Every structure is written in structure tokens, then in C-alpha cells.
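1. predicted model and sequence below, questions to follow.
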Amino acid sequence: MVSQLRVYVPEHPLVKHWLAIARDENTPTVLFKTAMTELGRWLTYEAARHWLPTLDTTVKTPLAECPATLVDPRVPIAIVPILRAGLALLDGAQTLLPLSSIYHLGLARNEETLEASCYLNKLPESFAPETRVLILEPMLATGGSILSALGEITARGADPSLIRVISIVAAPPALQKLSEKYPALNIYTAIIDEGLNSKGYIVPGLGDAGDRAFGT
Ligand SMILES: O=P(O)(O)OC[C@H]1O[C@H](OP(=O)(O)OP(=O)(O)O)[C@H](O)[C@@H]1O
Ligand SMILES: O=c1cc[nH]c(=O)[nH]1
Ligand SMILES: [Mg+2]
């Protein structure tokens, strides 16, 4: 079977609501951060649907024994927030995945060349092959940052078909590169926008996600 990049855009009023708040240029930093937290939460909820490993068991209610399903605690779950902006999605994701390990990856895009460079890498030496990896990257613009992150993560043994990317705004240039390089990947995004301007910003987008999340 030939795999093909899957991009999910959940049709959910809460996703649409918090996206509108995040996009609005009049939204102050503290509310922008709330919007990102909520988008992180609901997109993680969607991503978990067919991805979180489960364990069939039984439990005894006060009345009788019955079949039950638990999240399988034996399978490692890794969250990789791409600093800085990805940190704004972390609270929402982490509340849904409390047993996950968080591995920070700091990437900065050069404003002229638009190339991403790494200034912090807290990834483990290797991932167990069955590890579920959730990457938090709010903006998929040229795709340079997410490709750099995926290069580091897959070089450590993560299986692309078990990786989920949470983004807020995705643009066609990034999606095109991802579909060529990582066809088995699954992306959950609040919206797919038209394209990029001459400075590499997504239009209409939401501006600079890192600056807006941290008030810089
Ligand atoms: O797809 P790309 O063209 O690589 O752009 C996307 C990246 O740009 C922003 O990071 P930035 O370098 O501004 O860092 P920040 O999160 O610290 O603001 C954003 O948070 C993404 O990581
Ligand atoms: O629109 C964009 C593109 C890259 N990074 C951002 O923060 N915003
Ligand atoms: Mg930035």
C-alpha cells in the first residue's frame, strides 16, 4: 500500500472559535495564550482518536464485572514542542497525555534566508520503535522547521506513521514538502491557509506565533 500524507482539519466549533481568537490582531497576549492552550487541547484530543494505544481488560463495578479499555501505560508517549511557539500548545496537550515525556526542541528561523537552525535539542538518544510522538508546531509555513524537527526525530528511530503533528495554521508549501518526504505522517491543523507573503509569513495566518504567545 502506498501511504499518503493525511491532513485533518476538525470541523469543531471550539476549534473554529479559538482559531478566530488567535487570528484577531486585537487579541492580547494572555488571551492568545489561552487560545493556543485550547487549540492544543482539542487538536490533541482529535489526534489521539486512532493513535493512543489501548489495553482491553475488565473492571469490577460495585455491581458486576465488565469489559473495560484503558490507555496502555506500557507504550511510551513523547511530546516534542518546537520552541518557542510550540510551548504555547503544551499545557493543552499535556493535560490529555499526563504520562507523556516532554522533549524540547528549539528552532529559530533566519528572517532573511528563512532557514531553521537548532539552538536546543533535548531529544533522547533513541526512541523505542513503538513510541507515539506528538510534535507541537503551530505554524507550518515554508516547512523548514518541521522538516528539520522530523529529521532529528526520525533519525532517533521514531516511526513516521506513529508521529502526529499538531499545528494551528498550515500553508501549502509546507504540506507539499511533507507529503514528498513523510507520506506516512498525520497532521492535525485548525486551518489550511492560502499561502505565504514575501517574508515567509502565512496569509492570513495569525502573525508571529512566538512573539504573540510571549509578548515580544
Ligand atoms: O515553516 P517555517 O517557515 O519553518 O516557519 C514556521 C516556524 O516559524 C516560527 O518559528 P520562529 O523561528 O519564528 O521561532 P519562535 O517560535 O521562537 O518565534 C514558528 O513557530 C515555526 O516554528
Ligand atoms: O506566519 C508565520 C510563519 C512562520 N512563523 C510564524 O510565527 N508565523
Ligand atoms: Mg517567531
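-> Right, received. Where do you want to start? Ligands and ions are numbered 1, 2, ... in the order given.
2. now the strands: where do they sit in the chain?
-> 6-8, 54-60, 65-71, 77-83, 101-102, 105-109, 116-121, 132-136, 139-140, 163-170, 186-192, 195-196, 202-203 (DSSP state E).
3. for the residue sitting nearest the centre point of the chain, give the beta-bridge partners.
-> Nearest residue to the geometric centre of the chain (Cα atoms, centre = their mean): I166, 2.2 Å. Using DSSP bridges, the bridge partners assigned to I166 are L136, Y188.
4. who touches it in this structure?
-> Counting by Cβ atoms under 8 Å, 6 or more residues apart in numbering, I166 makes contact with G40, L43, T44, A47, L89, A93, L134, I135, L136, E137, Y188, T189. The C-beta positions use only the backbone N, C-alpha and C, and glycine is treated the same way.
5. could you list the buried residues of the longest helix anywhere in the chain?
-> Using DSSP state H to define each element, the chain has its longest helix at helix 29-48. Burial within helix 29-48, assessed by neighbour count using 16 or more other Cβ atoms under 10 Å, is assigned to 32-48.
6. make JSON lines out of the contacts of I166 and add pLDDT.
-> Below are the contacts of I166 laid out as JSON lines (pLDDT from 0 to 100):
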{"residue": "G40", "pLDDT": "98"}
{"residue": "L43", "pLDDT": "98"}
{"residue": "T44", "pLDDT": "98"}
{"residue": "A47", "pLDDT": "98"}
{"residue": "L89", "pLDDT": "98"}
{"residue": "A93", "pLDDT": "98"}
{"residue": "L134", "pLDDT": "98"}
{"residue": "I135", "pLDDT": "99"}
{"residue": "L136", "pLDDT": "98"}
{"residue": "E137", "pLDDT": "98"}
{"residue": "Y188", "pLDDT": "98"}
{"residue": "T189", "pLDDT": "98"}
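7. tell me the one of those residues nearest ligand 2?
-> E137 (9.7 Å; Cβ to the nearest ligand atom).
8. that closest one: neighbouring residues, count only.
-> Applying other Cβ atoms under 10 Å, we find 28 residues neighbouring E137.
9. where does S3 land on pLDDT?
-> You'll see S3 listed with a pLDDT of 81.
10. excluding sequence neighbours, find me the nearest residue to it.
-> Spatial nearest neighbour of S3, excluding adjacent residues (Cβ to Cβ, 6 or more residues apart in numbering): A184 at 4.3 Å.
11. wait, doesn't that neighbour sit right on A158?
-> No. A184 is beyond contact range of A158, at 11.3 Å (criterion: Cβ atoms under 8 Å).
12. pick out whichever of those two has more residues nearby.
-> The residue with more neighbours, out of A184 and A158, is A158; 25 against 14, by other Cβ under 10 Å.
13. what's the spacing between the spatially closest residue to that one that is not a sequence neighbour and S101?
-> Spatially, and ignoring its direct neighbours in sequence, A158 is nearest to F127 (4.4 Å; Cβ to Cβ, 6+ apart). Between F127 and S101 the distance is 10 Å, computed by Cβ to Cβ, to the nearest Å.
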